[in-house]
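[1] All I have is the shape, not the residue letters:
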């Protein structure tokens with residue numbers, strides 16, 4: 001499984017107390033999964049988490065040149081690695097449930113069952129989130145606030161792309177944005193032809209989706225706001241270009257599988 005991150009402590013993203021000269025930072029964390037179909041079941045082929053610092057009480061106006069975030073992403077190199085994607089998410093959810101300022105997901109219920117089907121080791125993070133999700137407005141003490149950006153923005157049933165357009169987030173659906181499901185499927189089917197490039201494409205799409213989800217949750221919970229249209233792809237390129245140099249500097253072919 002291929003991994004991508006800009007964090008120095010990816011195994012403890014919320015653990016500032018474990019770092020030299022660390023200080024407490026409230027991190028709003030958004031998640032995203034990219035799915036493909038192997039003919040028998042849905043496979044998580046890439047996933048990402050984005051970590052955005054937010055203030056405890058104030059609403060911050062974000063502007064592109066100063067908007068930075070942390071990210072972790074993974075992508076499969078083969079079908080057999082799908083359980084590792086689920087386990088990657090589970091590990092972050094175990095930590096984030098207690099230490100994040102908030103956790104966000106777009107239409108979590110659409111992903112929950114398939115993730116649990118692939119996860120190993122009991123999946124405590126995914127299981128705990130699933131149990132809390134239906135009652136997410138009743139916040140348990142000392143736990144992260146939960147936001148479903150597919151349900152909690154008065155846009156029930158909308159896709160992530162529709163939610164972004166409604167809230168003035170400019171997110172393309174091409175190589176530097178959120179890949180459409182048929183393009184994710186095409187990349188998965190040609191995975192063996194160029195695994196490094198395919199991994200970049202899938203993981204970058206997951207990062208963009210996770211970042212958009214984080215922004216939408218921050219807006220809904222009044223942690224952040226923005227003026228005008230926020231160029232999500234441009235911000236991701238500025239922050240993550242070194243993790244995804246081929247994807248962010250080349251466009252996909254019309255088939256979704258070429259350079």
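    Thanks, I have the structure now. From a predicted model like this one, the values you see are computed outputs, not experimental measurements.
[2] residues near the nearest residue to residue 67 once chain neighbours are set aside, how many?
    Leaving aside its sequence neighbours, residue 67 sits nearest to residue 235 (Cβ to Cβ, 6 or more residues apart in numbering; 5.5 Å). Glycine gets a C-beta too; all of them are placed from N, C-alpha and C. By the measure other Cβ atoms under 10 Å, the count of residues near residue 235 is 21.
[3] and residue 235, what element?
    helix 232-240 (DSSP states H and E).
[4] which residues touch residue 50?
    Going by Cβ atoms under 8 Å, 6 or more residues apart in numbering, residue 50 touches 29-30, 69-71, 207, 210-211, 213-214.
[5] one more time with 10 Å, if that's ok
    27-32, 69-73, 104, 206-215, 236, 239-240 (Cβ atoms under 10 Å, 6 or more residues apart in numbering).
[6] Which elements pack onto the next helix or strand after the helix holding residue 235?
    As assigned by DSSP H and E, the chain's next helix or strand after helix 232-240 is helix 245-249. Here helix 245-249 touches helix 195-220, helix 232-240, going by 3 or more Cβ pairs under 10 Å, 6 or more residues apart in numbering; DSSP states H and E.
[7] Mind putting those into JSON lines with distance to residue 180 and mean pLDDT?
    Supplementary listing: the helices and strands packed on helix 245-249 in JSON lines, determined by distance: least, Cβ to Cβ, whole Å; pLDDT from 0 to 100:
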{"stretch": "helix 195-220", "distance to residue 180": "9", "mean pLDDT": "96"}
{"stretch": "helix 232-240", "distance to residue 180": "15", "mean pLDDT": "95"}
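[8] before we move on, the earlier item: flag every buried residue along the helix holding residue 235.
    Within helix 232-240, the residues scored as buried using 16 or more other Cβ atoms under 10 Å are 232-233, 235-237, 239-240.
[9] where does residue 73 land in three-state SS?
    Recorded secondary structure, residue 73: strand (DSSP: H, G, I helix; E, B strand; the rest coil).
[10] give me the beta-bridge partners of it?
    Beta bridges link residue 73 to residue 4, residue 48, judged by DSSP bridges.
[11] quick one: it from residue 1, how far?
    For residue 73, the distance to residue 1 equals 11 Å [Cβ to Cβ, to the nearest Å].
[12] ok, which stretches of this protein are strands?
    2-5, 27-37, 42-53, 60-61, 70-75, 102-105, 145-148, 169-170, 224-225, 230-231 (DSSP state E).
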